[in-house]
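Novice: could you look at this predicted model? Sequence included:
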Amino acid sequence: MHEVVSVTPERGDSGRFTTRFGKPAAVVLVLLCGLTLLLGFINKDRCTGPAFDQWGRTQPDYDERNKQDVCYSDIQHLWIGRDIDRHVFPYVDGNINDKGILVGGTVEYPVLSGLLIWAGAIFAHNDAEYLLYSSLLMAPFGLLTGWLLGKLARWRALLWAIGPPLVLYAFHNWDLPVVLCSVAAVFVVHRWNRPLVERAVVASVLLGLGFAFKVYPAAFVLPLMLFVATGGWRGRELPEGKRVDVAGAVKVGLASIITVVLVNLPFAIAGYDGWAASFEFQSLRRVDITTNSIWYWGLRPFIGDDAMQSLVAVISPITILLSFGIAAGYGWTRFRREGSYPWIAVSGAMLCGFMLLHKVHSPQYTLWLVPFLVLLRVRLVWAFAYFVVDLAMGIGIFRWFWAIEFGQPAGIYDSFSAQAVMIGVWGRAALLLALFVVFLKSRDVTEDDHEDLKFIRGDVAARA
């Protein structure tokens, strides 16, 4: 008589199987993430007070302290200069003047970030209160991101929850919501128990919302469409009798486009000039010492400033699109070889291409990358190496700015901060180039569901 063995992995309507990351583990992960976010706030809060001027700007010596003490935050800094302190609703009455300066409440970010920026200031009277309220507003996005990553990748999610980038950048800018949109899209596709096209349409809506926060998640719609067109995991969710689901892929693409239009349309109608000014500001932004891209450091020694600006304006978008095409094409090669289109891997590689080749590379962009170091089965040494060069950049850049502005030694042979910046710029560039390749060749953590199921079935068969 054979022993009866019960196998209880979760199973959804789509026939996919998932393994559990228990509630106690999830609670521990979220608590750790919360402690890290608290450290991140304390780090930025060192720059506030104790006194404030008539505009609510921290005193004394705000401009020197935020660089020397490495506690600078865009959130605190932009309390003055974008009418945030005046509680002006964004975009509606805004514009960009002849000097390229945003006025009338317009900010340089897409509309959902603009709403978040405005909401954090509602009850604030100075830059310290604004940092506090904005941090409280964004912390749930960071916590939920940690929880979703735990459900997807288990303890590998500690790279997010306790990693140095969360301390340095959680409240540096308004990036936690856009990171959540990207991670939530992956979660919906691989954990929600609905048919593939339904899951992917919802994920595409999330990526469209991500565009309305910080633009870059829109790039992930293309690999998601190819994942749907090829039927998901090894084609198991293709409609009966079809080899390619073109209609499903089109629905996914349209979902993102419609989301972007619906979110932006009210602002474009209410104040077109103010809404368009945010995009114009970014297109006019010059490649300079504050952008820290490879273009500034790689081209500036060899060509004049005007020639560099003109060249980068053309070559940066072209090379970004080229990197997207290479990533998507290699993903198709993997599909032909393995039977599944690796949309997470392709998305991660696209992000590497964007971060490497865009004319601006702000320090907090590291937060965008960390979830892919969690979701893709790459060696942890890649994550640790990136954290090291990112620390060099995240700390060195502000110490270097302080040295330049306040008459301290700032040459490459005189200043460790200048050397740290070079390590950061070129170390990040080298690692992003390497990760572009590594990501494209990597399995993602969602494939473990299928491997776990094979193991369970094999174990059951052996014991029966």
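Specialist: Looks like it arrived, so ask away. Since this is a predicted model, take the numbers as computed values, not measurements. Numbering: from 1, shown residues only.
Novice: residues near H125, how many?
Specialist: H125 has 11 neighbours, counted by other C-beta atoms under 10 Å. Using the backbone N, CA and C atoms, a C-beta is placed for each residue, glycine as well.
Novice: tell me which stretches of the stretch 101-250 of the chain form helices.
Specialist: 111-120, 127-153, 158-161, 164-169, 176-191, 196-214, 221-229, 246-270 (DSSP state H, counting those that start in this stretch).
Novice: got CSV for the ones you listed, with mean pLDDT and mean neighbour count too?
Specialist: Shown next, in CSV, are these (pLDDT from 0 to 100; neighbours: other C-beta atoms under 10 Å):
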stretch, mean pLDDT, mean neighbour count
helix 111-120, 97, 21
helix 127-153, 98, 22
helix 158-161, 98, 23
helix 164-169, 97, 23
helix 176-191, 97, 24
helix 196-214, 97, 24
helix 221-229, 98, 25
helix 246-270, 97, 17
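Novice: of those, which is nearest S362?
Specialist: helix 164-169 (9.0 Å; C-beta to C-beta).
Novice: got the CA coordinates for the closest one in CSV?
Specialist: Taking C-alpha atoms only, helix 164-169 is exported to CSV below (Å, rounded to 0.1, in the frame of the first residue of the first chain):
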residue,chain,number,x,y,z
PRO,A,164,23.4,51.1,1.7
PRO,A,165,21.5,52.6,-1.3
LEU,A,166,18.3,52.8,0.8
VAL,A,167,20.2,54.7,3.5
LEU,A,168,21.8,57.1,1.1
TYR,A,169,18.9,57.7,-1.3
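Novice: separation between V107 and V215?
Specialist: V107 sits at a distance of 14 Å from V215 (criterion: C-beta to C-beta, to the nearest Å).
Novice: ok, now K251?
Specialist: Applying C-beta to C-beta, the value for K251 to V215 is 22 Å.
Novice: again, but for G232
Specialist: For G232 relative to V215 (C-beta to C-beta), the value is 27 Å.
Novice: those two: who's more crowded?
Specialist: Counted by other C-beta under 10 Å, G232 and V215 do not tie: G232 has more neighbours, with 26 against 17.
Novice: doesn't L196 make contact with the more buried one?
Specialist: Yes. G232 lies in contact with L196 (C-beta atoms under 8 Å); the separation is 4.8 Å.
Novice: could you tell me which ranges of the chain sit under the pLDDT cut-off?
Specialist: Counting by pLDDT under 70, the chain contains low-confidence residues at 1-19, 448-464.
Novice: state which helix of it is the longest.
Specialist: Counting residues, the longest helix found in the chain (DSSP state H) is helix 305-338.
Novice: run through the residues that contact A268.
Specialist: Residues near A268 by C-beta atoms under 8 Å, 6 or more residues apart in numbering: W275, A276.
Novice: hmm, back to that, would you mind getting the angle between the longest helix of the chain and helix 221-229?
Specialist: Interaxial angle of helix 305-338 relative to helix 221-229 (axes from the mean of the first three to the mean of the last three C-alpha atoms, to 10 degrees): 10 degrees.
Novice: ok, now how distant is the spatially closest residue to Y169 that is not a sequence neighbour from Y72?
Specialist: Sequence neighbours aside, Q364 is the residue nearest to Y169 in space, at 3.9 Å (criterion: C-beta to C-beta, 6 or more residues apart in numbering). Between Q364 and Y72 the distance is 11 Å, computed by C-beta to C-beta.
Novice: overlap of the contact sets of those two?
Specialist: Residues within reach of Q364 and of Y72 at once, by C-beta under 8 Å, 6+ apart, are H172.
Novice: just checking, K214 touches V178?
Specialist: Yes. Assessed by C-beta under 8 Å, K214 is found in contact with V178 at 4.0 Å.
Novice: which ones are touching the residue nearest the centre of the chain?
Specialist: Centroid check for the chain by C-alpha atoms, centre = their mean gives W368 as the closest residue, at 2.4 Å. Residues near W368 by C-beta under 8 Å, 6+ apart: D175, V178, V179, S182, K214, Y216, L351, M355.
Novice: got the contact list for the last one?
Specialist: To tie it back to what came earlier, the one meant is M355. Counting by C-beta under 8 Å, 6+ apart, M355 touches H361, Y365, W368, L369, R428, L432.
Novice: and the third one, which helix or strand is it part of?
Specialist: It stands for W368. W368 is part of helix 366-375 when elements are defined by DSSP states H and E.
Novice: can you count the residues close to F220?
Specialist: Using other C-beta under 10 Å, F220 has 27 other residues around it.
Novice: distance of it from L35?
Specialist: Counting by C-beta to C-beta, the separation of F220 from L35 is 30 Å.
Novice: for the closest residue to D444 other than its chain neighbours, what are its contacts?
Specialist: Of all residues not flanking D444 in the chain, I344 sits nearest, at 4.2 Å (C-beta to C-beta, 6+ apart). I344 makes contacts with V186, P223, F372, L375, L376, D444, T446, as judged by C-beta under 8 Å, 6+ apart.
Novice: need the contact list for the second one.
Specialist: If you count contacts by C-beta under 8 Å, 6+ apart, P223 has them with A327, A328, G331, Y341, P342, W343, I344, V346, S347, M350.
Novice: sweet, I'm off.
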